[in-house]
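1. show me how the following folds:
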Amino acid sequence: MKLLIVGAGALGKFLGARLLASGCDVTFLVRSHNIMPLKSKGITLESARGNIAVSAVDVTDGPPALSPGDIVIFCVKMQHLAAAITALSGSLCPGVTVLSFQNGIEKEDLLSAAFGPAAVIGGTCLISVTESSPAVVTHLGERQAFTIGELNGESTARVRALERILAAAHLDVEVSPTIREKIWEKFIFLVAFAGITTATRCAIGDVLANPHARSLARRLMEEAAAVAKCSSIRISADLVPALDALLTKLPPPMKSSMLVDLENGRDLEIEWIHGALLRAGRKHGVATPMNEAILGILDLWRTA
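-> Numbering: from 1, shown residues only. Predicted structure coming up:
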């Protein structure tokens, strides 16, 4: 079985390093300018859950040969998903599984449209990783929670096999029969964490120390939860309080990956996070004024 990781940013490298260290056959699909850095320097993972140094990395910038039973894992930022799908056009045969650990609520639908619904397993993760240098990935904190599941809720052989693969790589993995709800739960958390830290250009500890900013983070989640409910997603009454409490458990210096992208002059996923929420809200007639304000601020930061 071959694992193809699409994208070699912080998350892709983290996941690839863990899987390679566990003995998996891993190939990275990247843009051409990323091939030599990976081949020449490999990947160094710095983590409280165990450091890893991988010197031999298999990398390609073209459609790889895939066989039934192989797994494609999308880790690119959402603004690069269309190009990644195009790069794989025609190379996926029946029996190849497609999985995404990207942000957002639209990714599984886009992948299903491209490769067929039967190919796609839903996925989400809660982890903070950043690239300290092109060859070094730093895992912040100890959380590395990965959730997977069939979109129809069935317990299948392929999802159980994937669970074993991820667990063998020392990842905290859960199989959920309600993966779309899990994806929305992470999304609701993300609109607050990414939105408030990036709009204020502050780490989460500074945000939580300011009562006005903390209140805004809570309102961002409440709006997202309201949209989820109108999108036929089951949301428990205690979800927003639980996610609000989760914010307080993050290391105070932690920044969202969106803020890190802004600080480093990279494009932002705002159209796939807050933009996606606004699209869903308009579809169901749910107002999201706080998130719309955050989107406007982030759009100005992006173009400043």
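2. ranges for the strands of the stretch 101-250 of the chain?
-> 120-133, 136-150, 172-175 (DSSP state E, counting those that start in this stretch).
3. single out the most deeply packed of the ones you listed.
-> Of all the strands of the stretch 101-250 of the chain, strand 120-133 has the most neighbours on average by mean count of other Cβ atoms under 10 Å, namely a mean of 21. (Each C-beta comes from the backbone N, C-alpha and C, glycine too.)
4. mind listing what it pairs with, with the direction of each?
-> With DSSP bridges as the test, strand 120-133 is paired with strand 97-100 (parallel), strand 136-150 (antiparallel).
5. least confident of these, on average?
-> Mean pLDDT is lowest for strand 136-150 among the strands paired with strand 120-133, at a mean of 93.
6. ok, back up a step: please tabulate the strands paired with strand 120-133 in JSON lines, including the columns distance to Arg282.
-> Listed next are the strands paired with strand 120-133 as JSON lines, based on distance: least, Cβ to Cβ, whole Å:
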{"stretch": "strand 97-100", "distance to Arg282": "24"}
{"stretch": "strand 136-150", "distance to Arg282": "28"}
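7. how is this structure divided into domains?
-> By the assignment in automatic domain parsing, the chain contains the domains 2-177, 181-303.
8. flag the shaky bits of this protein, pLDDT-wise.
-> Scanning the chain for pLDDT under 70 picks out 304.
9. for it, longest helix please?
-> Ordering each helix of the chain by length in residues (DSSP state H) puts helix 179-200 first.
10. just want the angle from it to strand 120-133.
-> Computed by axes from the mean of the first three to the mean of the last three Cα atoms, to 10 degrees, the angle separating helix 179-200 from strand 120-133 equals 30 degrees.
11. which elements pack onto helix 179-200?
-> Contacts defined by 3 or more Cβ pairs under 8 Å, 6 or more residues apart in numbering; DSSP states H and E place helix 179-200 against strand 120-133, strand 136-150, helix 204-209, helix 211-230, helix 239-249, helix 257-263, helix 274-284, helix 289-303.
12. nearest to Gly23, of those?
-> strand 136-150 (18.1 Å; Cβ to Cβ).
13. ok so, going back, dump the longest helix of the chain to CSV, keeping only the CA atoms.
-> Taking Å, rounded to 0.1, in the frame of the first residue of the first chain, the C-alpha atoms of helix 179-200 are listed here in CSV:
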residue,chain,number,x,y,z
ILE,A,179,-17.6,12.6,10.5
ARG,A,180,-19.5,15.6,8.9
GLU,A,181,-20.5,16.7,12.4
LYS,A,182,-16.8,16.3,13.5
ILE,A,183,-15.7,18.4,10.6
TRP,A,184,-18.1,21.1,11.5
GLU,A,185,-17.1,21.0,15.1
LYS,A,186,-13.5,21.7,14.1
PHE,A,187,-14.7,24.3,11.7
ILE,A,188,-16.7,26.1,14.4
PHE,A,189,-13.5,26.2,16.6
LEU,A,190,-11.4,27.4,13.6
VAL,A,191,-13.5,30.4,12.7
ALA,A,192,-12.9,31.7,16.2
PHE,A,193,-9.3,30.6,16.7
ALA,A,194,-8.0,31.5,13.2
GLY,A,195,-10.3,34.5,12.9
ILE,A,196,-9.6,36.3,16.1
THR,A,197,-5.8,35.6,16.3
THR,A,198,-5.3,36.7,12.7
ALA,A,199,-7.6,39.8,12.8
THR,A,200,-5.9,41.0,16.0
